[in-house]
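J.: My questions are about this predicted structure, shown below with the sequence.
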Amino acid sequence: MPFATAIDFIPLWLLLGTIVIVVLSVEAGYQLGGYRRRRSEQEKEVPVGSIVAATIGLLAFMLAFTFGLAATRFEARRQVVVDEANAIGTTFLRAGLLPDHRGPKVRKLLREYVDVRLEAIKPGKLEAALQRSGELQRLLWAEAEAVGVKHSGSITVGLFLQSLNSTIDLHVTRVQVAIRNRIPGVVWAVLYLITILTMAGVGYHSGLTRTTRSLAIVVLAVTFSAIMLLIADLDRPQEGLLRVGQQALIDLRNTMNEQD
């Protein structure tokens, strides 16, 4: 899997196992709290409760921070699709004004380029699509160089070169934003560590205060698991229920085909 992070090798549905991790952490903490209560009468309940409240606040902060990272990246992926569609569309229009009858060939390459960009979002097609995108960019730039050298003083050619350069630049931006710019694995590791320690603290406090096990623990486990699953879904561009729409590129392809 190209540009994958460590957590990408875990299927999204398997992340539901976070529920089990949370429940086991609470139970482990509960057993330890009960053991400490029976072995020692010196540990006070109030300081423990304050520490648990502080760790819950820290966990909430980490969840909000991580969700913010994922949401920002998701919105950036949406915007770069629109920007790329606009750049390709502008290049396509300006290609019709190229001299020496180069316009039809350039437009044909741009049509294929859009098809390849749409193909890239399909599972298992990313690597091949990126390779073909690079090949098409080289072919387009070869056409641009040829016409640019011959008509170096042409304003029309200059505008075409500018828009083609923007198209190529946005390819790099899209790869960086949509594929490489992900939540680091160390953030996931710290998030899960804090979750385990916090849930163990909740169970420890319950065991220390002789509180009976409550079904609210299940609600807590499901809630935290749902949030972490949502974060993982937002962070995966080619997987899950939350995917960036490609309608801007689809509309552009339809417009291009109408101009055959």
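T.: Sure thing, it's come through.
J.: residue ranges for the helices of the stretch 151-260 of the chain, please.
T.: 155-175, 185-208, 216-235, 247-258 (DSSP state H, counting those that start in this stretch).
J.: mind showing which ranges of the chain have poor pLDDT?
T.: 1-10, 12-13, 40-46, 260 (pLDDT under 70).
J.: Could you pull out the strands in it for me?
T.: Secondary structure of the chain (DSSP state E): no strands located.
J.: which one's the longest helix in it?
T.: helix 45-95 (DSSP state H).
J.: give the contact list for the closest residue to A128 other than its chain neighbours.
T.: Nearest residue to A128 in three dimensions, chain neighbours excluded: E119, at 7.9 Å (CB to CB, 6 or more residues apart in numbering). (Glycine included, C-beta is placed from N, CA and C.) Taking CB atoms under 8 Å, 6 or more residues apart in numbering, we find E119 in contact with K125, A128, A129.
J.: count of residues packed around the last one?
T.: By the criterion of other CB atoms under 10 Å, A129 has 17 neighbours.
J.: doesn't Y113 make contact with it?
T.: No - counting by CB atoms under 8 Å, A129 stays clear of Y113, with 10.4 Å between them.
J.: re the thing from before, ok, so of the contacts of E119, who is nearest T91?
T.: A129 (18.8 Å; CB to CB).
J.: Give me the distance between that closest one and S152.
T.: 34 Å (CB to CB, to the nearest Å).
J.: which one is A200 nearest to, not counting chain neighbours?
T.: In space, A200 is closest to G29, 3.6 Å off (CB to CB, 6+ apart).
J.: Spell out for me which residue occupies the centre of the protein.
T.: D235 (2.9 Å; CA atoms, centre = their mean).
J.: Show the contacting residues for that one.
T.: Counted by CB under 8 Å, 6+ apart, D235 has contacts L69, A70, R73, F74, R182, I183.
J.: Which of the helices of the stretch 151-260 of the chain has the highest mean neighbour count?
T.: helix 185-208 (a mean of 19; mean count of other CB atoms under 10 Å).
J.: Which secondary structure elements does that helix sit against?
T.: Packing contacts for helix 185-208, counted by 3 or more CB pairs under 8 Å, 6 or more residues apart in numbering; DSSP states H and E, involve helix 18-39, helix 45-95, helix 216-235.
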